[in-house]
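*Asks:* sequence below, structure please.
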Amino acid sequence: MLMFARHYLVMFLGVAALALASCSSTSLDPATEELSIGKNNFKANTKDNIKGNIKTQLAQSLPEGSPAREKAEALFEAGEDSVRAGDYEQAIDEFTEAISIDPNFAKALGNRGLARARFEDYIGAISDYDRAIAVDPSLSDVYYNRGLVYLNLGKFEDAIADFTRAIDRKPDFAQALGNRGFARAKLHDYTGAVNDLQQAGEIFRAEGNDAAYYRIQHAIKYLRP
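*Replies:* Modelled structure (predicted):
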């Protein structure tokens with residue numbers, strides 16, 4: 001992990017929960033992603049701060065009320081509880097069992113990817129995100145979470161591509177805009193980075209997140225020539 005020795009800014013941006021654009025249910029509420037950014041370096045540390053109401057949406061191949069669906073839902077919720085408790089290995093096992101019941105359970109695939117990323121199994125996380133996207137390409141938050149993994153791996157062009165896909169599907173996705181800006185800064189595209197951060201800041205301010213807005217304004221000062 002790279003450290004920026006002199007001028008860096010700690011930014012707190014939410015790690016997107018896996019939220020299906022086509023339904024009202026969500027899986028994880030935002031956790032916290034701590035980002036340090038300077039013109040010469042980047043670091044990302046994931047902090048667990050997961051909370052929220054868990055609801056599920058399985059593929060239509062499992063009839064509502066069927067024993068298989070109920071079992072998959074129970075395993076999914078158990079997996080979410082394990083993530084909250086910081087037991088990512090247990091969460092992975094529970095999501096895996098849910099997926100064995102319904103291989104097209106996109107949210108379970110996405111959240112297993114999230115658990116694997118927190119377990120620092122980045123290759124496994126990318127594989128799960130790929131599968132979730134193959135089931136439902138509209139999942140903006142899966143693109144975002146995969147982009148975060150690419151950031152951790154130093155694959156900044158891939159990260160930018162995924163953040164862009166997330167933004168295409170959810171134009172007011174402030175976290176994706178902010179992290180795309182950080183990735184662009186790593187590639188020395190400071191003009192693009194500032195543009196992304198400015199957009200992210202305005203969205204945060206409109207949402208009433210003044211802390212994120214002012215932190216972004218501070219980051220922009222370091223990125224401007």
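
*Asks:* how close does residue 64 sit to residue 114?
*Replies:* 25 Å (C-beta to C-beta, to the nearest Å). C-betas here are computed from N, CA, C, even on glycine.

*Asks:* mind checking which helix or strand the spatially most central residue of the chain is in?
*Replies:* Centroid check for the chain by C-alpha atoms, centre = their mean gives residue 145 as the closest residue, at 2.9 Å. Using DSSP states H and E, residue 145 sits within helix 140-152.

*Asks:* elements contacting that helix?
*Replies:* strand 42-47, helix 106-118, helix 122-135, helix 156-169, helix 174-186 (3 or more C-beta pairs under 8 Å, 6 or more residues apart in numbering; DSSP states H and E).

*Asks:* buried residues in the third one?
*Replies:* In terms of neighbour count (16 or more other C-beta atoms under 10 Å), helix 122-135 has its buried residues at 122, 124, 125, 126, 128, 129, 131, 132, 133, 135.

*Asks:* which ones are touching the second one?
*Replies:* What it means is residue 124. 113, 116 (C-beta atoms under 8 Å, 6 or more residues apart in numbering).

*Asks:* can you rerun that using 6 Å?
*Replies:* residue 116 (C-beta atoms under 6 Å, 6 or more residues apart in numbering).

*Asks:* any idea how far residue 77 is from it?
*Replies:* In terms of C-beta to C-beta, residue 124 sits 22 Å off from residue 77.
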